[in-house]
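Trainee: sequence plus the predicted model coming up.
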Amino acid sequence: MLASEPPEERGRFRPDIEGLRAVALLAVLGFHAAVPGLAGGFVGVDVFFVLSGHLITGLLVREAATGRIRLAEFFSRRARRLLPSAALVLAAVALAGAWLTAPLRRTDLEHDVLAAALSVANWRFIGQQTDYLAAGRDQSPLLHFWSLAVEEQFYLIWAPLVALLVVLTARRRRALRPLLLGLTAGLGLASFALALHWTAGSVSLAYLGTPSRAWQFAAGALVAVLPAAPVRRLRAAYGPSAPLGAAAPRAVRELLGWGGLVAIGWAVLRFDAATPYPGWAALLPTAGTAAVLLAGAGTGTHTAGRLLAARAPRALGRLSYNLYLWHWPVLVLAEARYGALGWPVKVLLTAAAALPAYAAMRWLERPLRRSRVVAELPRRGLALGLTAVVLPVVLALVVGTGTLRLLGPAGPVDLAGLTAGNPDGTSLLLPGGVTGGPVVPNPVQARQDFPPDGACEVPPTAVTSPECRFGDPAATDRIVLLGDSHAGQWFSPLLGIAAQRHWALEELVKQGCPLAQLPVVNPQLGRAYHECDEWRAGALERLRTGPRPRLIVIASLNRYTADRELLLRGWQQTLEPLRALGAPIVYLEDPPTPGLDVPACLSGHPENPAACSFPRARGLWPDPLAEAVAAGTVPGVRSVSVNPVLCPGAGRDCPAVLDRILLYRDDAHLTNTAAVVLAPRLERLLAEAGVPAPAAGGGAGWRELLRDEFDGPAGSAPSSALWQHDLGTCYPGCPAAQWGTGEVETMTDSTENVRLDGAGALEIRPTLVDGRWSSGRIESRRSDLAAPVGGVLRLEASIALPEVTGPAAAGYWPAFWTLGSGLRDGYTGWPGIGELDVLESVNGRPSVFGTMHCGTAQGGPCQEPVGLGSGEQRCEGCWGGFHTYAVEVDRSTSPEQVRWYLDGREFHRVTADRIDAGVWDRAVHHGLFLILDVAVGGSLPGAYGGAAGPATEPGHPMRVRYVSVAARG
């Protein structure tokens, strides 16, 4: 996208190149303005790349005639030529974005400014899986900077590489041109091969990646490097380039010139978003541009070149760089402010963008480029370029920081103060709860409020799913969750439903892949979605050959096709092998689809969530499968829907926020918070559909020994039939003062420290009054919770750790753990009597521990007083978010085992063969009692630098949704 070079950078001036820039620019402008018939205008970027490769390589080869390439001067010229205009646009976009875009989009925009200023915009958009060819809503105003980043990365690599060749051939100057020709051809071929590979695998990486575009620069470079025909000998080894076209007959030049323009024009008119790009198709505009360059090389002329060299194309070509910079932000920001615009309006806005573009060229670019003061010393140009980079970076940081403060916290979602989900009725939450206050999650949190299923929702390029089994690893029954990302959004409630039954949950989910057997094009891959067909077939085969599931839950976006009959045939092809498994099949109807970026909208209307509602007709599409199930024409399948809650009544609109809950994390998917709140309703719907309810004894093969859901009025104490309070600073008789670990709190039975929150959770809250810390510690009354001989004991709780971090969390020590029943007989015998720490965490660190204590107080088989621990296990969302912690004492294996789990995944194990048999027996083969507490201070927080001090904030509770103990065998 270089404009014409100043005289000191030129060889023989090529006016036709200025005109060719105009052709490329008009193609891109027409494409961006959505002018009918110009769907392939994106190839204008290819033309620019070829021109840049030609001009820069020609410049370097001519400079090599002096015997060296002065890189400082080269980069100084590039900096003063390109960066000031770019910096002006970046600054304008950063400021205009603060006025024209929603706050949440503004944070994205400021990150785009940073990436563009640092010339890595293409990699940022690749990381976001941007599909450039499917330009849709919420495009970045700086998306077009991807091509500038590619060019600047080319300069940074190519110029030093050519300079190195000049140094290596200093004594054999004639070797430079053959070496450079071979290097250019070799790199070009390798890049083209990579472009073909990536085009087949990831259209974003292929389209925006520098390695997959380098071959187009190489094509232009080859035209500049090709040796002269034999009839024209070089005057010197490093003389000016005399390309092949200089010796071509006029007829050949005419053919090359017009043929090249026709090739470019054909691509503009015939290519579109469905063209796999930049694969083989990119050869057409690339070769066309190279042909035009060859036609006008040397002293040759041709009629197409004379047309390109006319005054109007040249004038537009000189403006091409600045107009390219300005037109796209004008279009995108206008649509951000006023909504979607028609192509005539876009054409007018593009034309209007020529005004700031001309002003930038006339009063910024040219004066700086031609300034003798700046050009006199290379370091001045480099300093100018550095300034042009730093200024937009600083501006983006300032605007972005202010926006983040406006948006609020971005930490884990806090459901404190929200009542539980309503299993029936028309409201989302149970009536009587706290309904005032901020929206949960806030828009920033909603962006990251995904189901906690790790890598189990596989990306477009994957053809198989990993072994994604959650919950009880020993369970013989399981729920299978099958479908696309609209199935994946139900992961959390289904995991909870499975846990209640002591079943497992198996997830088979693939992004953008319809469960019905339909032919679709994946926008990320830019072609037919063959990976979807292969994955679907593999998932069905895995289910056919594996153990029969207890329940199959299927869900999928219902908008892959509007052809009802085609969709039903596709569903029939999938449902037939599923029915053959003999398991109940439940179809979860697709929730309303907003079709707008809900969190971004809400960030711009924090006081008026209704502004982000969306039309019912747009959100709720007809669902042929649900209709067929209701009509009884799809045997073996039952359908359930939460849509009467998510889009209640019969009004015109569906809400984006309901009972304080922000329902959507983007334009189509529920937040994980909304899905969790919907769990009780989903549980009831599944029960009505015939799914077995949790067995009274704890599920197949299990018997429940203890369970507390912590239901009760807000502010009340936990059940005295199940729990007893520990008081003071030690057990009776103080066998170990300060609970044996140097804690500073006094444990109480006050509801200020231990209470129910009225919404289905227990709170244990440390408090500070008159310089004295108090907290709560409760134990299960039962101390006979033991693993049967040859069986398994499972202890489990759903816990949200205190939402406090940094210095304010110093000394916090929440825990869920057990002690051997014999300890209650005089409270002596630790650690030989055994201790299993299911969960410990300290100082607000994003990590948790699991530990076993046994043997003697110092050293011994359990390495006391440290114990046999897991070490810190990373858990970013544990502070403030509910997670499931469990330990299993397994006497059914040989050797016996104790296993620790976080959200169904094992993270620590201790086996009996590590410990003396007698020590293991005394530590494990007896009853246990449970303990829940939040200590303050003590040896473990101290070991991690967390002594409670003036900065430590009281009042942050550990919350417990349930505690469950079950045995099997």
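Mentor: Cool, the structure landed.
Trainee: can you tell me how far Ser371 is from Ser76?
Mentor: Per CB to CB, to the nearest Å, Ser371 is found 12 Å from Ser76. Heads up, the C-betas are built off the backbone N, CA and C, glycines and all.
Trainee: of these two, who's got more company?
Mentor: Ser76 (22 against 14; other CB atoms under 10 Å).
Trainee: what strand or helix carries that one?
Mentor: Here Ser76 sits within helix 71-100, counting by DSSP states H and E.
Trainee: I'd like the average pLDDT over stretch 431-439.
Mentor: For stretch 431-439, mean pLDDT is 68.
Trainee: that older thread, following the helix holding Ser76, which helix or strand comes up?
Mentor: helix 103-117.
Trainee: for that next one, packing partners?
Mentor: helix 71-100, helix 121-127, helix 145-168, helix 378-407, helix 443-447, helix 598-604 (3 or more CB pairs under 8 Å, 6 or more residues apart in numbering; DSSP states H and E).
Trainee: so where do the strands sit in the stretch 351-500 of the chain?
Mentor: Secondary structure of the stretch 351-500 of the chain (DSSP state E, counting those that start in this stretch): strands located at 457-458, 469-471, 478-483.
Trainee: save those as JSON lines, and put in mean pLDDT too.
Mentor: Formatted as JSON lines, these follow (pLDDT from 0 to 100):
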{"stretch": "strand 457-458", "mean pLDDT": "90"}
{"stretch": "strand 469-471", "mean pLDDT": "90"}
{"stretch": "strand 478-483", "mean pLDDT": "94"}
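Trainee: so which of those gets nearest Leu319?
Mentor: Nearest of those to Leu319, taken as CB to CB: strand 457-458 at 46.6 Å.
Trainee: quick one, what contacts the closest residue in space to Pro584 that isn't next to it in sequence?
Mentor: Residue nearest to Pro584 in three dimensions, not counting chain neighbours: Leu551, with 5.4 Å by CB to CB, 6 or more residues apart in numbering. Residues near Leu551 by CB atoms under 8 Å, 6 or more residues apart in numbering: 479-480, 583-584, 586, 686, 691.
Trainee: which among those residues end up buried?
Mentor: Buried members of those, scored by 16 or more other CB atoms under 10 Å, are 479-480, 583-584, 586, 686, 691.
Trainee: which of the residues you listed fall in helices?
Mentor: Residues of the buried ones among the contacts of Leu551 located in helices (DSSP state H): Leu686.
Trainee: Gly58: which of the buried ones among the contacts of Leu551 is nearest?
Mentor: Using CB to CB, Val480 comes nearest to Gly58 of those, at 62.3 Å.
Trainee: bridged to that closest one, which residues?
Mentor: Glu506, Ile552 (DSSP bridges).
Trainee: so it touches Leu508, yeah?
Mentor: Yes. Using CB atoms under 8 Å, Val480 is in contact with Leu508, at 6.6 Å.
Trainee: which residues do those two both contact?
Mentor: With CB under 8 Å, 6+ apart, Val480 and Leu508 have common neighbours Leu543.
Trainee: name the residues contacting each of Ser371 and Ser76.
Mentor: Common neighbours of Ser371 and Ser76 (CB under 8 Å, 6+ apart) do not exist.
Trainee: Val373: how many residues sit nearby?
Mentor: 8.
Trainee: can I assume it is in contact with Arg380?
Mentor: Yes. Using CB under 8 Å, Val373 is in contact with Arg380, at 7.1 Å.
Trainee: where does the stretch 201-350 of the chain dip in pLDDT?
Mentor: 227-248, 298-300 (pLDDT under 70).
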